[in-house]
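Asks: Make a model of this:
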Amino acid sequence: MKIKQLTLALLFSACAATMQAQPYNEPYRPQYHFSPARGWIGDPCGLTYYKGQYHLFWWGKTVSTDLVHYREVSPNVMEDTPPGISNFTGSVLIDKHNTAGWGPEAWVAAMTVYEKDSKKQAQGLAFSHDGVHFSHFDKNPVIDLWSTEFRDPTVFWHEQTRRWVMVVAKALEKKVKFYSSANLKDWTWESDFGPAGDQEKSWECPDLFQVPVNGNWNNRRWVMVVSVNWAQEQYFIGDFDGHKFTLMDGHPQQPLYVDRGLDYYASRVVRDYDDTLHQSITLGWVATWDYAQQAPSTWGKGFWSLPRLYGLTSFAGEGLRLTQTPLPALQQLRGKLFSKRLELPVGAHPIAGFAPKSNQYELDVTFDTSRSNTFGFYLAEGNGHKTVVSYDTDARTLLIDRTNAADVEIPKFSRITKAEVQPEGGKLRLHVYVDRSSIEIFANRGKEVFTLLTYAGNGQTGIETFAHRPGTRMELQAWPLRSIWNP
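Replies: So this is what the prediction gives:
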């Protein structure tokens, strides 16, 4: 028995040493998206830029200087949560002028405090002097409607009214409520927005921020993003005076979606307390509630999207629309450039000369759409599995089929998504990021974005083009991408 115990101990020690030698290399672990070392990660809760560093919370915390490389600080910053209370989604601010009385430069988290017994959701505060150890406010909650569907506050400083603003969802009423406060503790209701746009099931995780118009930071408009139906996000463009959000003239009644993929939710923008970024940066949760808890990952569940720059861009016949582009800092992960121009051969064929050994790469590809055709890519292909990215020039529709993408069975995972994507100047540009268990596609100028999980197996590294008919020309630039964990 002692020999067997010693053998097992040596085996466990060897396994532990292997894990330490190869951290962040478990099956399905994304290699250039942020995920915590262990445990669950859900909604981004307070993306803050302060003293030259990004501070990112999910009630754990990680920090970054570039939103490419990360250093996890704590798996739990809410150390003194009262018994019977859970901390749901919220935001983090820097109280530079001590409006709340916890000291100049205090960190304040505004989040939904959930009573486990009553199921009540109300809004509460926690404060910190180092951004790592937060203490619950002893007079929580600060806003309480005695509701079980009242959650996910975003709090920011509104300079024109010299007051704090809270944006928070009344989920099943499909409303966003606006409150204001001079001290973060006493709040006044200002107005409600909604229902509007997508009103099918629920509204959550509202965020309100300013976005540059056509690349001009000195010309900004307000955008409100709301997560809907536990599966998507919609946005509204308008004006905000510190009291009320008003839609811009000519705003469409039909929903405007942030992401047309299958797995993008609960995004937040970075709040800049140094006032030096001069850009709107966002991160979202790459998951959907239908199967988030059934993910096959062993380290924990969930990860965040690539960092993206928001813009408001004018499109002919439509007016302003929200656009997203990958943060340029991601380019530092690129390996050797591969480029190729060719006419797509009929059928499915590998791309000669570009065959990464792992699903860690970037494609920047432009297709000529002047000839009627259906064409695209098979990504993460192998062992009978693949994700299909297909464009129909006649229907002007981009379709993504991941019904056979994963090498494991995940309930409710097998799905197809599609959306209209108009060519520009007779061209379709797709900027594609493939990681071990996800794909993100930015179409044309980022007006349509598709984020989806794939959970491809280790043997699924093939890339193929396909075309139904001859005549479609393609220009491709491609790069393998280095891991942020094991460079």
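Asks: Okay, now the unreliable bits of the stretch 1-150 of the chain?
Replies: For the stretch 1-150 of the chain, the stretches flagged by pLDDT under 70 are 1-22.
Asks: what lines up beside the strand ranked longest in the chain in the sheet?
Replies: Ordering each strand of the chain by length in residues (DSSP state E) puts strand 216-228 first. Here the strand partners of strand 216-228, with direction, are listed using DSSP bridges: strand 203-213 (antiparallel), strand 232-240 (antiparallel).
Asks: So which bits of the first one are buried?
Replies: Think strand 203-213. By neighbour count, and taking 16 or more other CB atoms under 10 Å as the criterion, the buried residues in strand 203-213 are 203-209, 211-213. Where C-beta positions appear, they are placed from N, C-alpha and C, glycine not excepted.
Asks: Tabulate those residues in TSV, adding columns for pLDDT and distance to Gln360.
Replies: Compiled in TSV, the buried residues of strand 203-213 are given as follows (pLDDT from 0 to 100; distance: CB to CB, whole Å):
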residue	pLDDT	distance to Gln360
Trp203	98	36
Glu204	98	32
Cys205	98	29
Pro206	98	34
Asp207	98	30
Leu208	98	35
Phe209	98	31
Val211	98	30
Pro212	98	31
Val213	98	35
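Asks: how about those residues, which pair is most distant?
Replies: Within the buried residues of strand 203-213, two members stand farthest from each other by CB to CB: Glu204 and Val213, at 27.3 Å.
Asks: before we move on, back to that, want to throw the strands paired with strand 216-228 into JSON lines with distance to Gly90?
Replies: Conversion of the strands paired with strand 216-228 to JSON lines gives the following (distance: least, CB to CB, whole Å):
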{"stretch": "strand 203-213", "distance to Gly90": "10"}
{"stretch": "strand 232-240", "distance to Gly90": "17"}
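Asks: right, so of these, which gets closest to Lys427?
Replies: Using CB to CB as the measure, strand 203-213 is the one of these that comes nearest Lys427, at 24.0 Å.
Asks: Dump that closest one to CSV, keeping only the CA atoms.
Replies: This file holds the C-alpha atoms of strand 203-213, laid out as CSV (Å, rounded to 0.1, in the frame of the first residue of the first chain):
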residue,chain,number,x,y,z
TRP,A,203,-32.9,43.4,-21.3
GLU,A,204,-29.7,43.3,-19.3
CYS,A,205,-26.3,44.8,-18.9
PRO,A,206,-26.9,48.3,-20.2
ASP,A,207,-24.0,50.5,-21.0
LEU,A,208,-24.0,54.2,-22.2
PHE,A,209,-21.0,55.9,-23.7
GLN,A,210,-19.7,58.3,-26.3
VAL,A,211,-18.3,57.2,-29.7
PRO,A,212,-16.4,59.2,-32.3
VAL,A,213,-18.2,59.9,-35.6
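Asks: just the helices in the chain please.
Replies: Under the criterion DSSP state H, the chain carries helices at the ranges 2-21.
Asks: Domains in it, by residue range?
Replies: Taking automatic domain parsing as the reference, the chain has its domains at 39-326, 334-480.
Asks: how about CSV for those domains, with distance to Tyr32 added?
Replies: Formatted as CSV, the domains of the chain follow (distance: least, CB to CB, whole Å):
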stretch, distance to Tyr32
domain 39-326, 7
domain 334-480, 6
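Asks: The ones you listed: which one's closest to Asn486?
Replies: With CB to CB as the measure, domain 334-480 is the member of the domains of the chain nearest Asn486 (10.7 Å).
Asks: start to end distance for that closest one?
Replies: 6 Å (CA to CA, to the nearest Å).
Asks: And for stretch 128-144?
Replies: Separation of the first and last residues of stretch 128-144 by CA to CA is 23 Å.
Asks: buried set for that stretch?
Replies: So for stretch 128-144, counting by 16+ other CB under 10 Å, buried means 128, 131, 134-137, 140-143.
Asks: Name the residues that touch it?
Replies: With CB atoms under 8 Å, 6 or more residues apart in numbering as the contact definition, stretch 128-144 has outside contacts at 50, 55, 61, 73-74, 77-82, 85, 102-103, 106-109, 113, 120, 122-127, 166, 168, 179, 184-187.
Asks: Need the buried ones from the residues you listed selected in ChimeraX.
Replies: Filtering these down to the buried ones (16+ other CB under 10 Å) takes a single ChimeraX command:
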select :50,55,61,74,77,78,81,85,102,106,107,108,109,113,120,122,123,124,125,126,127,166,168,179,184,187
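Asks: For the longest strand of the chain, C-alpha coordinates in CSV please.
Replies: Coordinates of the C-alpha atoms in strand 216-228 are reproduced here as CSV (Å, rounded to 0.1, in the frame of the first residue of the first chain):
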residue,chain,number,x,y,z
ASN,A,216,-13.3,62.3,-35.2
TRP,A,217,-12.9,62.2,-31.4
ASN,A,218,-14.0,65.8,-31.2
ASN,A,219,-17.3,64.8,-32.8
ARG,A,220,-19.0,62.2,-30.6
ARG,A,221,-22.5,60.8,-30.1
TRP,A,222,-24.0,58.8,-27.3
VAL,A,223,-24.6,55.1,-27.9
MET,A,224,-26.5,52.8,-25.5
VAL,A,225,-25.9,49.0,-25.7
VAL,A,226,-28.3,46.6,-24.1
SER,A,227,-28.0,42.8,-23.9
VAL,A,228,-31.2,41.1,-25.0
